[in-house]
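>>> give the three-dimensional model of this entry:
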Amino acid sequence: MITITGTSQELVRLGMRLRAARIVRDEPMQLFAQRIGISVPTLRAMERGADTVQIKHWANALWALDRLQDLTMVLASADSPLDLARQHARQKPPRQRARRRTV
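Coordinates of the predicted model:
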C-alpha cells in the first residue's frame, strides 16, 4: 500500500477539525457516533485521521454538523468564467435540417 504523506497529514487535520466541531457543539463521543450511525471506535479513528474510515461516515458527520454542503466543493469545476465561455464557443451548434420547399 502506498502512503502519501500529504494525504495523511490532511486526514489528521480533518480529524482535528471534526473533533473541535463536536466539542464546540458539546456532544459526547457516544451521542455523536450514534447520530451518524457509527461506533465510538470508528469516531475515534476519524478524529485521529485514520485513512481506513469510509467516506460515507465522513458525509454523515458533515450532515450532523450542518456542513454537508461543504462536500459539494470536492472536485468542483475549477474552470474560470473565461474558460467556460471559451468551451461554450468551441462547441458546434446543432445542425439544422434542410427544409423542403413545397410548391
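>>> can you tell me what sits against stretch 17-25?
29, 32, 46-47, 61, 65, 67 (CB atoms under 8 Å, 6 or more residues apart in numbering). From N, CA and C alone the C-beta is placed, and that goes for glycine too.
>>> how about Ala50, secondary structure?
What DSSP: H, G, I helix; E, B strand; the rest coil gives for Ala50 is coil.
>>> relative to Val12, how far out is it?
9 Å (CB to CB, to the nearest Å).
>>> same check on Trp63?
Trp63 is 22 Å from Val12, by CB to CB.
>>> just give me the neighbour total for Pro28.
11 (other CB atoms under 10 Å).
>>> and the pLDDT for it?
Looking at Pro28, its pLDDT stands at 97.
>>> got it, and Arg101?
Arg101 is given a pLDDT of 69.
>>> quickly note the distance from the residue nearest to Gln30 when sequence neighbours are not counted to Arg22.
Spatial nearest neighbour of Gln30, excluding adjacent residues (CB to CB, 6 or more residues apart in numbering): Val40 at 5.9 Å. Distance of Val40 to Arg22, computed by CB to CB: 12 Å.
>>> those two - which one has more neighbours?
Arg22 (21 against 14).
>>> check which helix or strand the more buried one maps to.
Using DSSP states H and E, Arg22 maps to helix 5-24.
>>> tabulate the CA atom coordinates of that helix in CSV.
Provided in CSV are the C-alpha atoms of helix 5-24 (Å, rounded to 0.1, in the frame of the first residue of the first chain):
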residue,chain,number,x,y,z
THR,A,5,2.4,12.0,3.3
GLY,A,6,0.3,14.9,2.2
THR,A,7,-3.0,13.0,2.3
SER,A,8,-2.2,11.5,5.7
GLN,A,9,-1.5,15.0,7.1
GLU,A,10,-4.7,16.4,5.7
LEU,A,11,-6.7,13.5,7.2
VAL,A,12,-5.2,14.3,10.6
ARG,A,13,-6.1,17.9,10.2
LEU,A,14,-9.6,17.0,9.1
GLY,A,15,-10.0,14.7,12.1
MET,A,16,-8.8,17.5,14.4
ARG,A,17,-11.5,19.9,12.9
LEU,A,18,-14.1,17.2,13.3
ARG,A,19,-13.2,16.8,17.0
ALA,A,20,-13.2,20.5,17.6
ALA,A,21,-16.6,20.9,15.9
ARG,A,22,-18.0,18.1,18.0
ILE,A,23,-16.6,19.6,21.2
VAL,A,24,-18.0,23.1,20.3
